[in-house]
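Undergrad: Have a look; sequence and predicted model below, questions after that.
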Amino acid sequence: MNATTSAAVMSPGTYMRKRREAAGFSIDEIAMMVGGKSATGRAEIKNLVERLEAGEVGQAQSLVYQLVGAFSFDERVYSALVLRAADPDSRVPIPPICRVCACSFFDPCHDLQGEACGWAPVGEGEEPLCTMCIDDGEPDSGEQQPIPAADNDAEACNAA
Ligand SMILES: [Zn+2]
Ligand SMILES: [Zn+2]
């Protein structure tokens, strides 16, 4: 028998929160962008986004359409997560999602040169991690500059 241990799948709400945070927006800022000029419109969007992220709105399709222009996420990934959350035993395929920023194949991060991220090597059974997030979190992959040798003998003499 082939025991397939399915790793915990990110919830749709967590997915949307991570994508919003990766874009650097607060919920208030999203409400400003999407809710329009009226204060009630903004308050409504704010409330909906909070509930969406808390997992209270399962399939808030109209809100999701409104959020498309506000920050970058992949609707197909979101829909797959919604289906999987509704039925955890279903075989809905979930594409790899970065565990930190929730980017995915059709919705990658871009560096300052416009270069898309890729997948960083992770241990077996670990959730995917993109190269952008590994650069952020683990600063030991960069080149280490040797610390210049102390060169203060002369100065010490002058100061004395
Ligand atoms: Zn990432
Ligand atoms: Zn990424």
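TA: Sure, I can see it. Note that the structure is a prediction, hence the values are computed from the model and not measured. Ligands and ions are numbered 1, 2, ... in the order given.
Undergrad: Can you give me the distance of Asn47 to Arg20?
TA: Distance of Asn47 to Arg20, given as CB to CB, to the nearest Å: 15 Å. For every residue, glycine as well, the C-beta is placed using N, CA and C.
Undergrad: Looking at these two, which is more packed in?
TA: Counted by other CB atoms under 10 Å, Asn47 and Arg20 do not tie: Arg20 has more neighbours, with 23 against 13.
Undergrad: can you tell me the helix or strand for the more buried one?
TA: Using DSSP states H and E, Arg20 falls within helix 12-23.
Undergrad: Can that helix be said to contact ligand 1?
TA: No - counting by CB under 5 Å from the ion, no contacts exist between helix 12-23 and ligand 1, the nearest distance being 7.2 Å.
Undergrad: What are the buried residues along that helix?
TA: Neighbour-count burial for helix 12-23, counted by 16 or more other CB atoms under 10 Å, picks out 12-20, 22.
Undergrad: what residue lies at the spatial centre of this structure?
TA: Cys101 (1.9 Å; CA atoms, centre = their mean).
Undergrad: Now for Pro107: which residues touch it?
TA: Pro isn't right for residue 107; it's Asp. Asp107 sits next to 19, 72-74, 77 when contact means CB atoms under 8 Å, 6 or more residues apart in numbering.
Undergrad: Could you identify the most distant pair in these?
TA: The span of the contacts of Asp107, defined through CB to CB, is set by Ser72 and Val77 at 11.4 Å.
Undergrad: More neighbours: those two, which one.
TA: Legend: neighbour count by other CB under 10 Å for Ser72 and Val77, higher for Val77 (23 against 15).
Undergrad: what residues does the chain put near ligand 2?
TA: Going by CB under 5 Å from the ion, the residues of the chain near ligand 2 are 98, 103, 109, 117, 130, 132.
Undergrad: what pLDDT does the second one get?
TA: Per-residue confidence at Cys103 stands at 98 (pLDDT).
Undergrad: what's it in contact with, if anything?
TA: 19, 22, 97, 109, 117, 130, 132.
Undergrad: quick one: the first one from Phe106, how far?
TA: Taking CB to CB as the measure, Arg19 and Phe106 are separated by 12 Å.
Undergrad: Could you tell me which residues of the protein lie near ligand 1?
TA: 98, 100-101, 103, 130, 133.
Undergrad: how about a cut-off of 6 Å?
TA: Within the chain, the positions lying close to ligand 1 (CB under 6 Å from the ion) are 98, 100-101, 103, 109, 130, 132-133.
Undergrad: what's the most distant pair in these?
TA: Of all pairs drawn from the residues of the chain next to ligand 1, the widest gap by CB to CB lies between Val100 and Cys109 and measures 10.0 Å.
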